[in-house]
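Chemist: quick one, what's the 3D model for this:
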Amino acid sequence: MLAPGRPLRWRILPAGRRTVWIDDAHRYQTVAGFGAAFTDSACYLLQQVARPGARARALRELFTRTEGGIDLSLMRVPIGASDLARSRYSYDSLPAGETDPTLAHFSIAHDRRTIIPLIRAALRLNPALRLMATPWSPPGWMKTSDSMIGGSLRPQFAPAFAGYLVKFLRAYRRAGIPVDYMSLQNEPRYVPRNYPGMRMRAREQRWLLVHDVLPALSAAGLTTRVLLYDHNWNDPQYTNTVLASPVVAHSPLVAGIAWHGYAGTPGVQSLLAAKYPRLGEYETELSDGTWVRNPVRRDFETIIAVLRNAGRSYLKWSLALDRHHGPHDGGCATCTALVTVDTRTGAVHRTVEYATLGQFSRFIRPGARRVYSSDPMGIEAVAFINPSGTHVLVVFNDTPRRNAFQVEWGTRGFHYALPAYSGATFTWSGLERGISALPASAYQSAGSLAAAGGRDQPADLYSWGVVTREHGGARGGYALERAVTGDWALYPALDFGSGAQRIRVHVACGRRTCGALQFRLRSPHGRLIAQVPSVSTGGWQRFRAVSARVHAVNGVHAMYIVWRGPPKERLASLLSFRF
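Modeler: From the prediction side, this is the model:
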């Protein structure tokens, strides 16, 4: 629970088989922040139910680094009601049958009672706090359902919808709350039956952006930037459709793509980042809840995977809830939050999610750059350099047993051991002394790749290249999945020493014909040093060890793993390798 550990000392270490290797020379995305959502429920509980002293202490713990605080830096704000709200409200609600295309009745009076005061209090504690705003539904009169429940946007009210968003952004700015990002619709592929929501197909979102929202933002002189999509990892094609418009793809008002984590794998973020390098990948919602058996394991696995796959942010769902997981208006009755407010006493209590998110948010500062780190089997890690120059390494033991490993940075390192399913964060200052390389004899999680690629991009986004997915078995780690022939994964520097004789891999395949894995040096078409046949194992998560002979190789090399097999067929998943 964010307890400080004893100081460690760097020393010269011999090569080890279980090594987390850090290489500052390979740098990736910049972090925007970590946080949760200022839901109506959270703001009501913290502003009106929590005792004043408990509220002040909770806000310090959430939005600063004092008193062990986790210093949240990017928060989400619903535009109108979500499911975690005490009522079903918009900022221009009218009786049935009435419309207001000029938005003459627009008002944010609802938010002035609890939401705006709480956000202002957070901003006073952390003036650098950034905000993202998202509507669950526009006013019902704009929709085909004539309700905030269900339906889609009526085309004739597209200009009014854009104006509604602009009025919200202006009203919040006048209230002293600038909004940095927004999306057009929360979870646009899902239409809830018992809480506000709206279907917005990809072509509709593209049309709205081109013809209404982007022109309205520009005309209003607003600097708020749009995040596309804002839904699960299992439909990356949605964003591909929206970005088919050059207006959207090249607009300075489009910042990136927003993702939720309830389906699919964060590996798709890397695929979109490779195709659209100008845009950022932002994880903007994933709630824990009573259905999560081990929130520590789930959070560490998912946050690390998001960050290793180009993620610039990681946001939980509600900032606060009561002990009955409410208040809520339909929707999620079993979600959990970072803090719990006791409605009987007004006390505020931290939850385990406060600690798991805090292992990242307290130490990885906005503006930090991710650097390369490797994963030995059963260990998951991610590393950053903060704007101040300090280093941060988060490590998780994803196995049901104690796991010892060593960290190597330049020519120095240290030993550490973690209990089952537990994590730790390490911080230090200084510069690398010399450049080292990862011993090829170390067991490596396939998820340690530095980059991935493949053939020319076909219509099926999943076959653009391999994606990482958490392996739920006792070995832990991330597997590489969905590869087709020609796809590859890069590992930047392996030290083969004076030579290697054999390679051993763990593969899984749910087909009869699974192809082979080629190990090549310097490029996907470079020197072939080994070819391992992929065997059918009866499932894509049933991994089996396979080995093969290695052709003569020594020294330090960048290495590519290349999948070869029948065209247009999914080939074997890869969990680990060791020379």
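Chemist: which stretches of the stretch 401-550 of the chain aren't confidently modelled?
Modeler: In the predicted model, the stretch 401-550 of the chain carries pLDDT under 70 at residues 455-465.
Chemist: and the strands in it?
Modeler: For the stretch 401-550 of the chain, the strands defined by DSSP state E, counting those that start in this stretch cover 403-409, 412-418, 423-428, 438-439, 444-445, 451-453, 467-470, 478-481, 488-495, 502-509, 516-521, 527-533, 539-549.
Chemist: quick check: what element follows the longest helix seen in the chain along the chain?
Modeler: If you go by DSSP state H, the chain has its longest helix at helix 158-174. Using DSSP states H and E, the helix or strand that directly follows helix 158-174 along the chain is strand 181-182.
Chemist: ok, and what's touching whichever helix or strand comes after that following strand?
Modeler: Next along the chain after strand 181-182, taking DSSP H and E as the criterion, comes helix 202-208. By Cβ atoms under 8 Å, 6 or more residues apart in numbering, the surrounding residues in contact with helix 202-208 are 152-153, 158, 161-162, 184-185, 188, 200, 228-229, 237-239, 241-242, 244-245, 248. C-betas here are computed from N, CA, C, even on glycine.
Chemist: ChimeraX command for the buried members of those?
Modeler: Buried members of the contacts of helix 202-208, defined by 16 or more other Cβ atoms under 10 Å, are picked up in ChimeraX with:
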select :152,153,158,161,162,184,185,188,200,228,229,238,239,241,242,245,248
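Chemist: list the buried residues in stretch 125-134.
Modeler: Neighbour-count burial for stretch 125-134, with 16+ other Cβ under 10 Å as criterion, is recorded at 125-126, 129-134.
Chemist: same deal with stretch 8-27?
Modeler: 13, 15-16, 18-24.
Chemist: the residues you listed: which two are farthest apart?
Modeler: Greatest spatial distance among these (Cβ to Cβ): Arg18 and Asp24, at 21.3 Å.
Chemist: roughly how far does Ala273 sit from Tyr421?
Modeler: From Ala273 over to Tyr421 the distance is 29 Å, taken as Cβ to Cβ, to the nearest Å.
Chemist: so which residues of the stretch 251-400 of the chain form strands?
Modeler: With DSSP E, counting those that start in this stretch as the criterion, the stretch 251-400 of the chain has strands spanning 254-260, 280-285, 313-318, 320-322, 339-341, 348-350, 369-373, 379-385, 391-397.
Chemist: any chance of the ones you listed in JSON lines, with mean neighbour count too?
Modeler: Formatted as JSON lines, the entries for the strands of the stretch 251-400 of the chain read as follows, by neighbours: other Cβ atoms under 10 Å:
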{"stretch": "strand 254-260", "mean neighbour count": "25"}
{"stretch": "strand 280-285", "mean neighbour count": "26"}
{"stretch": "strand 313-318", "mean neighbour count": "27"}
{"stretch": "strand 320-322", "mean neighbour count": "25"}
{"stretch": "strand 339-341", "mean neighbour count": "23"}
{"stretch": "strand 348-350", "mean neighbour count": "18"}
{"stretch": "strand 369-373", "mean neighbour count": "21"}
{"stretch": "strand 379-385", "mean neighbour count": "25"}
{"stretch": "strand 391-397", "mean neighbour count": "23"}
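Chemist: so which of those is nearest Arg297?
Modeler: Of all the strands of the stretch 251-400 of the chain, strand 391-397 comes closest under Cβ to Cβ, at 7.9 Å.
Chemist: and the angle for the closest one with strand 369-373?
Modeler: Counting by axes from the mean of the first three to the mean of the last three Cα atoms, to 10 degrees, strand 391-397 lies at 50 degrees to strand 369-373.
Chemist: how far is strand 391-397 from where the chain is centred?
Modeler: 16 Å (Cα atoms, centre = their mean, to the nearest Å).
Chemist: neighbouring strands for it, and are they parallel or not?
Modeler: Paired neighbours of strand 391-397 in the sheet (DSSP bridges): strand 379-385 (antiparallel), strand 423-428 (antiparallel).
Chemist: what's the closest of these to Arg542?
Modeler: Per Cβ to Cβ, nearest to Arg542 of the strands paired with strand 391-397: strand 379-385, 20.9 Å.
Chemist: any low-confidence regions in the protein?
Modeler: 455-465.
Chemist: now do the end-to-end distance for stretch 411-423.
Modeler: End-to-end distance for stretch 411-423: 24 Å, by Cα to Cα, to the nearest Å.
Chemist: from Gly497, how far off is Asp375?
Modeler: Taking Cβ to Cβ, one finds Asp375 at 21 Å from Gly497.
Chemist: these two - which one has more neighbours?
Modeler: Asp375 (30 against 16; other Cβ atoms under 10 Å).
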